[in-house]
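Trainee: What would the 3D arrangement of this be:
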Amino acid sequence: MDHPSSTAQRTTVAIVGAGMAGLIAARELRREDIEVLVLESAPRVGGRMTAETSELGSRVDLGGQWVGHGHHRFEALAAELGTTVYPMHTPRRPVILYEGRALSAIRPATVVANLALLAFEVKTKVREPRGWTTLTVDEWIRKFPSATARRLLEVIAAVATTADLDRISMRAFAAMTRYQGGISTMLATRGGAQDALIVEGAGTLTERLAAELAPRVLLNTPVTSIDYDERGATVRSPSVLVRADKVIVCVPPPPLLGAVTFEPALPPRLARLQHEMYMGSVYKAMAVYREPFWRGRAEAEHMLLDEPGAAVFDTSPPDGPGHLCILVGGKEARTLDAMTPTARKRALLERLGAALHSAAILDPVGWHEKSWQLDEYVGGGYLALPDATTAAGIFPLPSDPLAETLYWAGTETAGEHAGYIEGAIESGERVARQVVAGLR
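Mentor: Numbers count the residues shown, from 1 in each chain. Alright, predicted model coming up:
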């Protein structure tokens, strides 16, 4: 039944979700003179990308931000939208800090962890062991005798995937790393997945895309149902009813399938994703300083192994100010949720201040943070993950249209760089081509 206060609209293509994939699809379709309407449940665009302006006027990304090496679509979009890409400031390797001491690269525990990751990478490219289908990442890590090596692997895996390590299988982990260029690429800064950044903030790109599309982007418009058949679709929300020839869904399965009713019901291979996938947990903080003063004495890039385990990056723009990015993934990200902002800041910066021998680290000019698992519209990040008990949800997710009316996009469906902003752009371009072909 239609909501009594709903207004009716007609469009050629309705797009559910104003993240990067949805906005790219909308832009590509508008370039073909196809009418679009984008419906977004949140009061902002961007999905898992968002940027804020710091106290010093710089832009800080609290969502996806890195331009990975070889992410050419992302680079081209940044240039087209008038933003500036700059290379990461990064040492040859990060400092690994545990129990107040830096771990040497030749320490046995560090060597064991590196060899374990190397062996994992080789197996993902050659032949996965049959037992990986049911073996969780947590169980794989617990096989190693060194407690320090286990802790290092735990933090690396949690930050890289944002998964609960006892809820993701080695098979799913292997598939993820293959689609993201390999574990070494995922973890690397210069030349890897964290190769470069955008001065104006990656989140600014989605804001500018939405500005180009205005007034075709409707915020605060949660979709509640989609009825579809070969003749078209009806998309309902409490405030608007949209009739469209085609619908593109750009929302990850866990938040989508829990909120939207489909008629007819989705086929089992898609419907099961609601129960067999979950959004990762990730906490991100950006500490802002008047300048990156630490560079004169030490590098700020660290892997912090004491709980909560965290990765720290120097993301300062070329002309300042100083930015330190802190990521906590998986279960330990959720332990921060019950703390006050002051307590979280102290817990994360005190260890870094001791390592850099600088009390100034404890007193940033600005502190920006976001727990993505608490975001009511997104439900988590970096991406949707398959539960360990299922074979569903392994990358890439299905993207074949239903009834030649219902289409799918989003970084989890990407054929290249799934899980990254590059993958979201690729999926948006791909689905736009599918829809154009379907309309013709």
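Trainee: Just the C-alphas of the worst-scoring helix or strand of the chain on mean pLDDT, formatted as PDB.
Mentor: Across the helices and strands of the chain, the lowest-confidence element by mean pLDDT, DSSP states H and E is helix 273-276, at a mean of 88. The C-alpha trace of helix 273-276 is given here as PDB (Å, rounded to 0.1, in the frame of the first residue of the first chain):
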ATOM      1  CA  LEU A 273      22.800 -12.700   1.400                       C
ATOM      2  CA  GLN A 274      20.800 -10.800   4.100                       C
ATOM      3  CA  HIS A 275      21.400 -13.700   6.500                       C
ATOM      4  CA  GLU A 276      24.800 -14.800   5.300                       C
END
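Trainee: which helices and strands does that helix pack with?
Mentor: helix 253-257 (3 or more CB pairs under 8 Å, 6 or more residues apart in numbering; DSSP states H and E). In short, each C-beta sits where N, CA and C put it, glycine included.
Trainee: following the helix it packs on, which helix or strand shows up next?
Mentor: Next in sequence after helix 253-257, counting helices and strands by DSSP states H and E, comes strand 261-263.
Trainee: Give the pairing partners of that next one; include direction for each.
Mentor: strand 225-229 (parallel) (DSSP bridges).
Trainee: which residues of the stretch 1-150 of the chain fall in helices?
Mentor: 20-31, 72-80, 108-125, 137-141, 147-161 (DSSP state H, counting those that start in this stretch).
Trainee: re the thing from before, identify all contacting residues around the least confident helix or strand of the chain.
Mentor: 253-254, 256-258, 384, 386-387, 389-390, 392-393, 397 (CB atoms under 8 Å, 6 or more residues apart in numbering).
Trainee: Mind giving me the ChimeraX command for buried ones among those?
Mentor: If you want just the buried ones from the contacts of helix 273-276 in ChimeraX, going by 16 or more other CB atoms under 10 Å, the selection is:
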select :253,254,256,257,384,386,387,392,393,397
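Trainee: how about JSON lines for the contacts of helix 273-276, with pLDDT and distance to L324 added?
Mentor: Shown next, in JSON lines, are the contacts of helix 273-276 (pLDDT from 0 to 100; distance: CB to CB, whole Å):
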{"residue": "P253", "pLDDT": "94", "distance to L324": "33"}
{"residue": "P254", "pLDDT": "94", "distance to L324": "31"}
{"residue": "L256", "pLDDT": "91", "distance to L324": "34"}
{"residue": "L257", "pLDDT": "89", "distance to L324": "37"}
{"residue": "G258", "pLDDT": "89", "distance to L324": "35"}
{"residue": "A384", "pLDDT": "96", "distance to L324": "28"}
{"residue": "P386", "pLDDT": "95", "distance to L324": "32"}
{"residue": "D387", "pLDDT": "94", "distance to L324": "34"}
{"residue": "T389", "pLDDT": "85", "distance to L324": "38"}
{"residue": "T390", "pLDDT": "84", "distance to L324": "38"}
{"residue": "A392", "pLDDT": "81", "distance to L324": "38"}
{"residue": "G393", "pLDDT": "83", "distance to L324": "34"}
{"residue": "L397", "pLDDT": "91", "distance to L324": "34"}
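Trainee: so can I have JSON lines of the contacts of helix 273-276 showing distance to R92?
Mentor: Listed next are those as JSON lines, based on distance: CB to CB, whole Å:
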{"residue": "P253", "distance to R92": "39"}
{"residue": "P254", "distance to R92": "38"}
{"residue": "L256", "distance to R92": "42"}
{"residue": "L257", "distance to R92": "44"}
{"residue": "G258", "distance to R92": "44"}
{"residue": "A384", "distance to R92": "34"}
{"residue": "P386", "distance to R92": "34"}
{"residue": "D387", "distance to R92": "37"}
{"residue": "T389", "distance to R92": "40"}
{"residue": "T390", "distance to R92": "40"}
{"residue": "A392", "distance to R92": "40"}
{"residue": "G393", "distance to R92": "36"}
{"residue": "L397", "distance to R92": "36"}
